[in-house]
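J.: build me a model from this:
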Amino acid sequence: MFGVLAVIVIVVLLIGLLLPATRSARPAAYRMQCSNNLKQIAFALQNYETSYHAFPPAATFDSSGNPLHSWRTLILPFLEQSALYDSIDLSKPWDDPANAQAYARSVPVYHCPSLGSGLSLGSTTYLGVVAPHGFFLPTGSRRLSEIIDSPSDTLMVVEVPSVNSVHWMQPVDANESMPIGIRQSQSVTHQGDAND
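T.: Residues are numbered from 1 along each chain as shown. The predicted structure is shown next:
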């Protein structure tokens, strides 16, 4: 009886000692997963460029100049999401009833695990940097040869605070001043800094 009680006490003590380590490891693991998501997005953008000889436009537009879909929609086939991509009517806006089924889907690579269920379904905090001299142009595609900064100095996609989240299909992104504001913000998702 004393042996069983001693084993129980030892197990409880071990759990007590390991629990704080587990709690402190979780944010680091979430940040790593978020960083991996951004790497997958960067690889998808590079594969898109290899296939089409240009990076995707920040958004697609109808003949009247109204935005239809985000670059996040355009790279779905390069994120192993071809079936989802094929279900989207690209001639209609992202929030059109014709695209309701795709709109209701969440794409795991577009979701930061640190946010848990804190965002509405389908929301993302990964925005492209859209500016005349940014990675994404406000209109049109950009060729790789047009990007003259080194890869380590070029912001493709940044993680923004959850208050700036958008639906992954929505053609809304960050302007060139938003990443600077994120660095100064106290509302970043991860301890210490946001991913980019």
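J.: so where's the protein shaky on pLDDT?
T.: Residues of the chain meeting the criterion pLDDT under 70: 1-27, 30, 115-118, 151-152, 177-196.
J.: could I get the full set of strands for it?
T.: Along the chain, counting by DSSP state E, strands occupy 59-61, 67-70, 123-124, 126-128, 157-159, 166-167.
J.: right, and those - which one's nearest residue 142?
T.: Nearest to residue 142 among the strands of the chain is strand 126-128 (11.0 Å), distances taken as C-beta to C-beta. (C-beta placed from N, C-alpha, C; glycine too.)
J.: distance check, residue 61 against residue 113.
T.: 33 Å (C-beta to C-beta, to the nearest Å).
J.: out of the strands of the chain, flag the one nearest residue 146.
T.: Nearest of the strands of the chain (C-beta to C-beta): strand 126-128, 15.5 Å.
J.: quick revisit: mind putting the strands of the chain in JSON lines, mean neighbour count and distance to residue 104 included?
T.: Below are the strands of the chain laid out as JSON lines (neighbours: other C-beta atoms under 10 Å; distance: least, C-beta to C-beta, whole Å):
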{"stretch": "strand 59-61", "mean neighbour count": "19", "distance to residue 104": "21"}
{"stretch": "strand 67-70", "mean neighbour count": "22", "distance to residue 104": "16"}
{"stretch": "strand 123-124", "mean neighbour count": "22", "distance to residue 104": "12"}
{"stretch": "strand 126-128", "mean neighbour count": "25", "distance to residue 104": "19"}
{"stretch": "strand 157-159", "mean neighbour count": "24", "distance to residue 104": "23"}
{"stretch": "strand 166-167", "mean neighbour count": "20", "distance to residue 104": "10"}
